[in-house]
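Q: Output the structure for:
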Amino acid sequence: MNIDKKKLKNRIFIVLRIVVSIGILFFLFKTQFSNFSEIIEYLSKTSVNFWLIGLSFIMYWLGIYFLVLRWQILLKTQNIKAPMSFLFGSYLVGYFFNNFLPTSIGGDVYRIYDTSKLKNSSGMKAASIVLMERTTGVMSSIIYLVFALSVGFLRTSHVEFKMGKWTISNNILIILILAFFIFAVLIILIMLFPDYFRLNKFFRKLKFLHKWEDKLRQMYNTFKDFRKFKVILLITIILSMILQFTFTLNYSFCSQGFGINELSLISYIFIIQISSILTMIPISIGGIGVREGAFVVLVGALGGPRNIATIVSIAVLIMILVPGVVGGIIYALRPYMDRKRKLADAAQAADTEANQ
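A: Below you'll find the predicted structure:
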């Protein structure tokens, strides 16, 4: 009975996330355009720069490449060797799970499962590496946000969000970002130095965590190992910043391609980092809707046209869905490819034995 209730709860949660994604996209469309023909009319009257949009698409795929490279580097620190082609395919399948399969199995869960089967790997090792990968990504987002603040971007742009009777001013935004920065740094310190924060005593006091004690210890040991690779961690943070920049260029080039020229590159650095952080809140499918809504609101708040920002957000969403389609094809072909590889390995092993 408990299992049925749990399944029902998961299904309700999934349905709500789908409703949120579709609802936000529908709301964006209805508030900016009265009908679909308005979009067609705008595109027919405006000289869309398809070269810039194509370059935007290339930037997105370049960002994925850096994501995979970062993952491969972190795996190597734990003596887990995986070819780039395998990891690239795994990442694309993760995109497929995130964006096309509204289930509790997300892209990160699939990647953990995929790499846990590799030599010298385990479920906890793979999970710890993905968590460390996400951590370096959050760190790079924070660095970009602090950079945007340090050049006085918010104070010179007079950002204000009005939500009914509530107004979120520049100062409140700065306080929220700095609070997030302090919280993120604290989480990173806890992850790297759990003994200093006496997490073991904390976990012992919570009875429901006792059954996870061995797995948590494995995860802690993996984090402990990462401390020996300070240079590599620095490299992964730099890679995270590079890939974040490629995603920023993805939006910047696409916006310019559709005719938004009011915003600077610094503006997009701020917009994309805030949008990325908001998509981490699990209220939609793969961040769809939340990402587009945040982008449109922020572009409008910084002086750009919201109607064109809506078109840009949908165009970028299509770019994001393309890797998921490729990932779905890879996922469908993987059983066949795995069988073929096993047969090839068996044949090679038989030839080696015969030669000996």
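
Q: In the protein, spot the helix with the most residues.
A: When the chain is parsed with DSSP state H, its longest helix is helix 306-355.

Q: Work out the gap between that one and the centre of the chain.
A: When distances are taken as Cα atoms, centre = their mean, to the nearest Å, helix 306-355 is centred 18 Å away from the chain's centroid.

Q: One more: stretch 46-55?
A: Averaging C-alpha positions (Cα atoms, centre = their mean) puts stretch 46-55 25 Å from its chain's average.

Q: re the thing from before, tell me what the longest helix of the chain is packed against?
A: Secondary-structure packing of helix 306-355 (3 or more Cβ pairs under 8 Å, 6 or more residues apart in numbering; DSSP states H and E): helix 2-32, helix 36-45, helix 50-76, helix 84-100, helix 230-257, helix 290-301. C-beta coordinates here come from the backbone N, C-alpha and C atoms, glycine included.

Q: Reformat those as CSV; add mean pLDDT.
A: What follows is the helices and strands packed on helix 306-355, written out as CSV (pLDDT from 0 to 100):
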stretch, mean pLDDT
helix 2-32, 75
helix 36-45, 73
helix 50-76, 93
helix 84-100, 88
helix 230-257, 88
helix 290-301, 86
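
Q: so which of those helices is the most packed in?
A: For the helices and strands packed on helix 306-355, the largest average neighbour count (mean count of other Cβ atoms under 10 Å) is found in helix 290-301, namely a mean of 22.

Q: quick one: contacts of it?
A: 20-21, 24-25, 27-28, 32, 159-161, 251, 255, 260, 263, 270-271, 274-276, 278-279, 281, 283-284, 305-306, 309-310, 312-314, 316-317 (Cβ atoms under 8 Å, 6 or more residues apart in numbering).

Q: Show the buried residues in these.
A: Neighbour counting with 16 or more other Cβ atoms under 10 Å marks 20-21, 24-25, 28, 32, 159, 251, 255, 260, 263, 270-271, 274-276, 278-279, 283-284, 305-306, 309-310, 312-313, 316-317 as buried within the contacts of helix 290-301.

Q: Contact partners for Asp114?
A: When contacts are taken as Cβ under 8 Å, 6+ apart, Asp114 is in contact with 90, 93, 126.

Q: give me that answer again for 10 Å
A: With contact set as Cβ atoms under 10 Å, 6 or more residues apart in numbering, Asp114 has these partners: 82, 86-87, 89-91, 93-94, 121, 126, 334.

Q: same question, Ile182
A: Taking Cβ under 10 Å, 6+ apart, we find Ile182 in contact with Ile142.

Q: Confirm that it sits in a helix.
A: Yes - the secondary structure assignment for Ile182 places it in a helix, going by DSSP: H, G, I helix; E, B strand; the rest coil.

Q: Against Ile142, how distant is it?
A: Separation of Ile182 from Ile142 (Cβ to Cβ, to the nearest Å): 10 Å.

Q: count of neighbours near Lys119?
A: Other residues near Lys119 come to 8 when the count uses other Cβ atoms under 10 Å.

Q: Let me know the distance separating it from Gln244.
A: Note on Lys119: its distance to Gln244, by Cβ to Cβ, is 31 Å.

Q: again, but for Ala309
A: Following Cβ to Cβ, the distance that separates Ala309 from Gln244 is 20 Å.

Q: which residue packs closest to the residue most central in space within the chain, ignoring adjacent ones?
A: In the chain, the C-alpha closest to the average C-alpha coordinate belongs to Ser276, at a distance of 6.9 Å (Cα atoms, centre = their mean). In space, not counting the residues next to it along the chain, Ser276 is nearest to Ser141; the distance is 5.9 Å by Cβ to Cβ, 6 or more residues apart in numbering.

Q: is it true that the one you found touches Leu278?
A: No - with contact defined as Cβ atoms under 10 Å, Ser141 does not reach Leu278; the gap is 11.0 Å.

Q: re the thing from before, sticking with the residue nearest to Ser276, tell me its helix or strand.
A: Per DSSP states H and E: Ser141 is located in helix 123-150.

Q: List the buried residues for that helix?
A: Buried residues in helix 123-150, counted by 16+ other Cβ under 10 Å: 124-130, 132-133, 135-145, 148-149.

Q: which helices and strands sit right next to that helix?
A: For helix 123-150, the packing partners by 3 or more Cβ pairs under 10 Å, 6 or more residues apart in numbering; DSSP states H and E come out as helix 50-76, helix 107-116, helix 153-157, helix 170-192, helix 213-226, helix 230-257, helix 265-279.

Q: Helix 290-301 and the last one, what's the angle between them?
A: When axes from the mean of the first three to the mean of the last three Cα atoms, to 10 degrees is applied, the directions of helix 265-279 and helix 290-301 differ by 140 degrees.

Q: Report the angle between helix 265-279 and helix 123-150.
A: Going by the same axes, to 10 degrees, helix 265-279 makes 140 degrees with helix 123-150.
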